[in-house]
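[1] sequence and computational prediction follow.
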Amino acid sequence: MTQVLNFVDGTEVPAAGTRTLDLVNPATGEVFGTSVLSEQSDVDAALAAADRAFEAWRKSTPAQRQLALLKIADAVEARAEEFADLEIRETGKIRAVVLDEEIPECVSALRFFAGAARQLEGTASGEYLPGHSSAIRREPVGVCAQIAPWNYPLMMGVWKIAPALAAGNTVVLKPAETTPSTAVLLAKVAAEFLPQGAFNVLCGDRDTGRALVKHPITELVSITGSTRAGIDVATVAAADLKRTHLELGGNAPLLVFGDVNLAETAEGIVGAAFYNAGQDCTAGSRVLVDAAIHDEFVAELTKAAAAQAPGRDFGPLNSEAQFGRVRGLVERLPSHARVETGGTPAGDRGFFFSPTVISGLKQDDEIVQEEIFGPVITVQSFVDEDEAVRLANGVPYGLASSIWTNDLARATRVSGELDFGCVWVNTHGPLVAEMPHGGFGHSGHGKDLSSYSFAEYTRVKHVMTRFA
């Protein structure tokens, strides 16, 4: 049986207590190991290590931080197979996707933030009061507590630690309790190039995360997770006025207008909806289609969805709890809903769910309003552009959206009306390190990726000097 330990102050260490968490392979449903369950004393030790390391790391030059991140990127790239083995064991993902898409994106993000480290600058100094000169300093915030999700354990871990370290902060990262292994390996790989204690990993549950948020050493808290988890973090952090960075749930609308190529659009949407079994905060799960083409488009969408095979085209749901949640949403469908394909578990073991398309839905239906996080597409119709925008914006989330049309004027017009942090046109899902990722409303606040994320991990100081 595998046991995953913490990584604190430059070395793997057991937790102070003896409690553990089971690790389950979602492709089989079988327990293959355990991780330690960190308690308050473990949190104290990890944050103390990060606090000690901060004194040296904050004084490192941008060039030194850049070099460290570039070396970490090279090491992750060289050990891609090892990272993939751990990621697949805990998520059930398709191996080619992990190796060809996710790990290269992790390496790209590390290299981007390595470059960003050399751009830690403020506005030009100037004289705004006679005899005085003013300058702006960008400084690291301090020790950052970061909580990563289970849907992209390695990638989201990188998205958090890379900008924080690039800006001169130190980190304690808590991975999701079902997927801790790649975070620990990432910290082990990084330790060769960072000061001792600069990057620590604590395994644990919600109470572990809450203790990290509450701790007086923690200056900034970043979480990628559910809206419920984000509210919990924000509430605890508010008691000590800690800064928060919240990348939370999503319920992306895809607006399909009547001038598109139906088959091509259906294929694109199915790819966006079922990537990672739909376990993606930007998943293209909520399709809004022009009533004039509704029936024909639903037929194309159903055909494209039914051609997808769990285990070949996408993996299982992450846990028995998530499997039960998705199954429950489908089982509670109202009588006016129609399951065009799927709607049932797939296979005789593991947490696989069949590719599903559901039509005939109304705006206030539970499955329309809630984030599904599974391989399920819902379909609603609209009669005009105004109704399309109203339906799209009619959920609490505001992370991602897309417009499918050949009318450039319409795409430009509607993109300004959609209340989401990202709007794609004639595609859905691609992300690049140079552009920000983050939402509005119940999708949280703050940006991942890009220089906007880098800025989140800095504080602004005004320095005024009298020279007259």
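    Perfect, thanks for sending it. Worth saying up front: this structure is predicted, and the values here are computed from it rather than measured. Numbers count the residues shown, from 1 in each chain.
[2] so which strand or helix has L361?
    In this assignment (DSSP states H and E), L361 forms part of neither any helix nor any strand.
[3] which residues does L254 contact?
    Listed by Cβ atoms under 8 Å, 6 or more residues apart in numbering, the contact partners of L254 are I269, A272, G284, R286, V287, L288, S401, S402, W404, H428. In this view, the C-beta of every residue, glycine as well, is placed from N, C-alpha and C.
[4] same question but for R325, I mixed them up
    F373, G374.
[5] tell me the spacing between it and V432.
    31 Å (Cβ to Cβ, to the nearest Å).
[6] same check, this time on A292
    From A292 to V432 the distance is 34 Å (Cβ to Cβ).
[7] name the SS class of E267, please.
    Following DSSP: H, G, I helix; E, B strand; the rest coil, the label given to E267 is helix.
[8] what sits closest to it if chain neighbours are left out?
    Spatial nearest neighbour of E267, excluding adjacent residues (Cβ to Cβ, 6 or more residues apart in numbering): A304 at 5.2 Å.
[9] doesn't the one you found belong to a helix?
    Yes: counting by three-state DSSP, A304 is located in a helix.
[10] I'd like to know how many residues surround it.
    A304 has 24 neighbours, counted by other Cβ atoms under 10 Å.
[11] same check, this time on G324
    G324 has 13 neighbouring residues, counting by other Cβ under 10 Å.
[12] that one should be in a helix, yeah?
    Yes: counting by three-state DSSP, G324 is located in a helix.
[13] quick check: the gap between it and T302.
    Distance from G324 to T302, by Cβ to Cβ: 25 Å.
[14] one more: N318?
    Taking Cβ to Cβ, one finds N318 at 26 Å from T302.
[15] which of those two has more neighbours?
    Set side by side, N318 and T302 show more neighbours around N318, with 26 against 22, by other Cβ under 10 Å.
[16] do I have it right that that one meets E177?
    No: N318 is beyond contact range of E177, at 10.8 Å (criterion: Cβ atoms under 8 Å).
[17] between the two, which contacts overlap?
    When contacts are counted by Cβ under 8 Å, 6+ apart, N318 and E177 are jointly contacted by W150.
[18] so, low pLDDT: which residues of the stretch 51-200 of the chain?
    For the stretch 51-200 of the chain, applying pLDDT under 70 flags the ranges 122.
[19] show me where the stretch 151-300 of the chain has its helices.
    Taking DSSP state H, counting those that start in this stretch as the criterion, the stretch 151-300 of the chain contains helices spanning 153-166, 181-191, 206-214, 227-238, 262-274, 294-306.
[20] who does the longest one touch, helix- and strand-wise?
    Counting by 3 or more Cβ pairs under 8 Å, 6 or more residues apart in numbering; DSSP states H and E, the packing neighbours recorded for helix 153-166 are helix 62-78, helix 80-91, helix 103-116, strand 143-147, strand 170-174, helix 181-191, strand 220-224, helix 450-456.
[21] list the contacts of the second one.
    Read that as helix 80-91. Contact with helix 80-91 is made by 23, 25-26, 32, 76, 93, 95, 98-99, 102-103, 150-151, 153-154, 178-182, 185-186, 315, 318, as judged by Cβ under 8 Å, 6+ apart.
[22] among those residues, name the buried ones.
    Among these, the ones that count as buried by 16 or more other Cβ atoms under 10 Å are 23, 25-26, 76, 93, 98-99, 102-103, 150-151, 153-154, 178-182, 185-186, 315, 318.
[23] wait, P130 touches A468, no?
    Yes: between P130 and A468 there is a contact under Cβ under 8 Å: 6.9 Å.
[24] am I right that F199 is in contact with A191?
    Yes: under the criterion of Cβ under 8 Å, F199 makes contact with A191 at 7.0 Å.
[25] need the residues touching each of these two.
    F7.
[26] between these two, which is the more surrounded one?
    More crowded of F199 and A191, by other Cβ under 10 Å: F199, with 30 against 20.
[27] how near is L202 to A109?
    To A109, L202 is 22 Å away according to Cβ to Cβ.
[28] with neighbour numbers in mind, choose between these two.
    Between L202 and A109, counted using other Cβ under 10 Å, L202 has the larger neighbour count: 30 against 24.
[29] pLDDT at the more buried one, what is it?
    With respect to pLDDT, L202 has a value of 98.
[30] for it, phi and psi?
    The phi and psi values for L202, taken as degrees, to the nearest 10, are phi -120, psi 120.
[31] which one is it nearest to, not counting chain neighbours?
    Per Cβ to Cβ, 6+ apart, closest to L202 is S38, 4.5 Å.
[32] surely L255 and V414 touch.
    Yes: in this structure, L255 is within contact of V414 by Cβ under 8 Å, at 6.6 Å.
[33] give the residues shared as contacts by the two.
    Residues touching both L255 and V414 by Cβ under 8 Å, 6+ apart: A388, V389, I403.
[34] ok, and the most crowded of the residues you listed?
    The most crowded member of these, judged by other Cβ under 10 Å, is I403 (27 neighbours).
[35] so who does that residue touch?
    Counting by Cβ under 8 Å, 6+ apart, I403 has contacts L255, F257, R410, A411, V414, S415, L418, V423, W424, V425, N426.
[36] check the spacing between it and G278 real quick.
    To G278, I403 is 20 Å away according to Cβ to Cβ.
[37] and the pLDDT at the closest residue to V414 other than its chain neighbours?
    Nearest non-adjacent residue to V414, counting by Cβ to Cβ, 6+ apart: I403, 5.3 Å away. Here the pLDDT value assigned to I403 is 98.
[38] domain ranges for the chain?
    Split into domains by the TED database, the chain comes to 2-248+441-465, 252-425.
[39] nearest to G126, of the contacts of L254?
    Using Cβ to Cβ, S401 is the member of the contacts of L254 that lies nearest G126, at 40.6 Å.
[40] quick one: S38 is in a strand?
    No: counting by three-state DSSP, S38 is not found in a strand; it is coil.
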